[in-house]
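Undergrad: structure, please.
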Amino acid sequence: MSDEVARRAEAQNLLTLGVEEEYLLVDAESPAAAPVVEDVFDHIPAELRDSVQHEYWRSQIEVAGPPGLDLHDLWRALGDLRHGLAEAAGKAGARLVAVGANPSPGPDIDVVDSPRYHRMVERFGDLSPGAGLNGMHVHVGIPDPETGVQILNHLRPWLPILQAATANSPFFQGRDTGYASWRSVMWERWPTVGPAPFLHDHAEYEQMIADLVATGAMLDDGMLYWYARLSARYPTVEVRIGDVCPTLDDTLLVAALIRGLVATVLTDVGDGRAPLNVPHHVLAGAHWRAAKDGLEGLAVDPETRQTRPAWHLMRQLFDRIRPELERHGDLEMVTVLLGRLRARGTGAARQRAVHAGGGDIADVVDWLADHTRAR
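TA: A predicted model of the protein is given here:
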């Protein structure tokens with residue numbers, strides 16, 4: 001984060017926002033995953049390289065948009081990264097695809113040649129499917145870790161509906177899984193994936209990390225895969241519930257909603273309001289429902305513990321965070337983007353529409369590739 005952004009954030013009492021996205025690389029002529037990430041790196045423009053890194057599999061690549069305050073700046077930065085990587089992938093005989101899980105059948109792909117990734121394979125075996133799972137991670141600035149832990153407690157009830165909004169992986173290995181987010185289902189096989197527990201303070205947070213490392217369930221704090229956590233690298237809360245979104249519209253919408261929610265609950269923390277302590281089993285059920293239906297079905301109301309139409313809960317979230325959306329200058333864009341999402345459906349719904357309209361998995365991948373790079 002630049003010094004100028006940090007100064008503006010402090011002076012205006014605004015929260016910084018950053019987004020990381022993971023993408024699948026597929027063959028230029030077929031829907032099969034393409035293990036060509038090293039070749040893609042050879043063609044990435046110099047001005048983008050600091051924002052791009054390897055992921056677990058050789059058919060994946062990850063970007064990190066620069067943290068800032070303005071949604072339009074993030075839009076341009078992510079758009080430049082998507083376009084630049086799509087061009088680099090094309091020169092390597094591949095396409096860039098923003099999808100939560102590989103929709104196509106095909107042979108397993110090797111992991112990237114990294115000592116850390118080899119240690120993960122040795123420790124955890126075949127927990128990750130052979131071409132990778134692709135998510136989006138949203139970073140929102142926080143004042144300090146102690147406050148951050150309290151923010152995590154307040155976020156817990158609202159994360160399932162945000163997960164539902166990102167659903168973008170209905171197909172896997174050439175078939176419809178019956179889920180809007182199959183990535184979510186597969187991802188939960190890792191031992192630390194799930195809702196963060198209700199935490200008393202930062203000391204308890206740190207003790208849980210130490211305990212999990214001691215059990216062998218993770219190599220280090222970078223493998224704490226709770227749906228929301230404190231970043232190990234930045235002074236941020238990192239929300240990790242989403243599939244990577246097919247379009248910039250969807251990505252910016254979810255990122256803005258998350259910042260609005262963090263800003264709202266930060267006020268609650270400052271005012272001493274107690275968070276809603278939803279039991280783990282209810283949250284687990286709510287996240288399962290989000291993976292199953294996306295926004296096209298039901299969602300679990302965290303207060304009543306009953307199912308309701310998902311869009312009712314999305315409207316409830318919007319109304320709750322509206323003042324902070326307005327204060328951060330995001331209200332107009334979020335209103336427009338939320339309307340588009342309601343009209344078009346989630347990425348999962350749009351993929352299924354392509355498939356149901358007479359297309360096959362290759363047509364779905366073509367649609368994804370076109371929309372990944374579109375501005």
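Undergrad: give me the neighbour count for the nearest residue to Leu219 once chain neighbours are set aside.
TA: Spatial nearest neighbour of Leu219, excluding adjacent residues (Cβ to Cβ, 6 or more residues apart in numbering): Arg119 at 6.1 Å. Every residue, glycine included, has its C-beta placed from N, CA and C. Neighbourhood size, Arg119 [other Cβ atoms under 10 Å]: 12.
Undergrad: try Pro275
TA: 17.
Undergrad: can you check Thr372 too?
TA: By other Cβ under 10 Å, the burial measure for Thr372, its neighbour count, is 25.
Undergrad: residues touching it, list them.
TA: Contact partners of Thr372, counting by Cβ atoms under 8 Å, 6 or more residues apart in numbering, are 23, 82, 86, 96-98, 246-247.
Undergrad: helix, strand, or coil at it?
TA: helix (DSSP: H, G, I helix; E, B strand; the rest coil).
Undergrad: if we can go back for a sec, secondary structure element for the residue nearest to Leu219, which one?
TA: In the assignment (DSSP states H and E), Arg119 maps to helix 115-124.
Undergrad: what does that helix contact?
TA: Applying Cβ under 8 Å, 6+ apart, the set of residues contacting helix 115-124 is 56, 111, 190, 216, 219, 223.
Undergrad: returning to that earlier point: please report how far the residue nearest to Leu219 lies from Thr192.
TA: Arg119 sits 16 Å away from Thr192, taking Cβ to Cβ, to the nearest Å as the criterion.
Undergrad: please apply the same query to Asp42.
TA: From Asp42 to Thr192 the distance is 34 Å (Cβ to Cβ).
Undergrad: comparing these two, which residue is more hemmed in?
TA: Thr192 (15 against 10).
Undergrad: so who does the closest residue to that one other than its chain neighbours touch?
TA: Nearest residue to Thr192 in three dimensions, chain neighbours excluded: Tyr225, at 4.6 Å (Cβ to Cβ, 6+ apart). Applying Cβ under 8 Å, 6+ apart to Tyr225 gives the contacts 187, 190, 192-194, 218, 240.
Undergrad: all strands of the stretch 251-375 of the chain, in order?
TA: 298-300, 307-309 (DSSP state E, counting those that start in this stretch).
Undergrad: looking at those strands, which one is packed in the most?
TA: The highest mean neighbour count among the strands of the stretch 251-375 of the chain, using mean count of other Cβ atoms under 10 Å, belongs to strand 298-300: a mean of 22.
Undergrad: report the rounded mean pLDDT for it.
TA: Average pLDDT, strand 298-300: 98.
Undergrad: check which helices and strands that strand is in contact with.
TA: Helices and strands touching strand 298-300, by 3 or more Cβ pairs under 8 Å, 6 or more residues apart in numbering; DSSP states H and E, are helix 159-165, helix 280-293, strand 307-309, helix 310-327.
Undergrad: how about residues contacting it?
TA: Against strand 298-300 from outside (Cβ under 8 Å, 6+ apart): 160-161, 164, 282, 285-286, 289-290, 293, 306-310, 312-314.
Undergrad: before we move on, back to that, which one of the strands of the stretch 251-375 of the chain lies closest to Gly141?
TA: strand 298-300 (28.1 Å; Cβ to Cβ).
Undergrad: partners of the closest one, with directions?
TA: strand 307-309 (antiparallel) (DSSP bridges).
Undergrad: can you show me the helices along this protein?
TA: 3-12, 37-42, 71-91, 115-124, 145-155, 159-165, 182-187, 202-215, 248-270, 280-293, 310-327, 331-344, 347-356, 361-373 (DSSP state H).
Undergrad: regarding the chain, what is its longest strand?
TA: The residue-count maximum for a strand in the chain (DSSP state E) belongs to strand 17-27.
Undergrad: burial of the closest residue to Asp42 other than its chain neighbours, as a residue count?
TA: In space, and not counting its chain neighbours, Asp42 is closest to Ala92: 7.3 Å by Cβ to Cβ, 6+ apart. Using other Cβ under 10 Å, Ala92 has 19 neighbouring residues.
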